[in-house]
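Trainee: how does the following fold in three dimensions:
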Amino acid sequence: MNKPVTAPRLGGWLLVPLAWLIMTMLTSALLLAMYLSPLFNPEWRATLFSYQGLLVTNWVVSLLTALAVWLYSLWVCWMFCKRSRRLPRHYIIWLLVTLLLALKTFAFTPVADGKAVQTLLLTLLAAAVFVPYFKRSQRVKTTFIQP
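Mentor: Residues are numbered from 1 along each chain as shown. So this is what the prediction gives:
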């Protein structure tokens, strides 16, 4: 009688990309709270909606981007814990999306250059390490086998 093939448990070096994913998910949740806060403060709400066009549009785009990143991160985290065979591809896509957002922040957002560079370098380092790991690692291939 054949025993069913079971995937190895999540552990070892796989906990590092999972921690990066959870950290990014928590950061995007904080960004969501920050973008939603003007809706709950009457003075901020009046200031935000007193401007026409560009400011409100930028706020809506930022809110929707933070929401999309949070939802996608949540879904990728769920697939990670489920050990889905779709995870490696989606984790790589998720890393590239976060890298693009870090590039956008670096290029177009009026934040301190040091902070933008730090965010960009951390995201670039994560992509440079985790993309090859998820593409070539035998541990990834044997762990993420569930439908």
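Trainee: for the one helix or strand in the chain whose mean pLDDT sits lowest, packing partners?
Mentor: Counting by mean pLDDT, DSSP states H and E, the weakest-scoring helix or strand in the chain turns out to be helix 42-50, with a mean of 79. With contacts defined as 3 or more CB pairs under 8 Å, 6 or more residues apart in numbering; DSSP states H and E, the packing partners of helix 42-50 are helix 15-40, helix 54-82. C-betas here are computed from N, CA, C, even on glycine.
Trainee: how far off helix 15-40 does that helix point, in degrees?
Mentor: Helix 42-50 runs at 90 degrees relative to helix 15-40, counting by axes from the mean of the first three to the mean of the last three CA atoms, to 10 degrees.
Trainee: for helix 42-50, the distance to its chain's centre please.
Mentor: 29 Å (CA atoms, centre = their mean, to the nearest Å).
Trainee: picking up where we left off before, out of the helices and strands packed on helix 42-50, flag the one nearest Leu125.
Mentor: Set against Leu125 and scored by CB to CB, the helices and strands packed on helix 42-50 come closest in helix 15-40, at 10.0 Å.
Trainee: which parts of stretch 91-101 are buried?
Mentor: Within stretch 91-101, the residues scored as buried using 16 or more other CB atoms under 10 Å are Tyr91, Ile92, Trp94, Leu95, Val97, Thr98, Leu99, Leu101.
Trainee: okay, the residues you listed in TSV with distance to Leu10 next?
Mentor: As requested, those are arranged in TSV below (distance: CB to CB, whole Å):
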residue	distance to Leu10
Tyr91	13
Ile92	18
Trp94	17
Leu95	18
Val97	22
Thr98	21
Leu99	24
Leu101	26
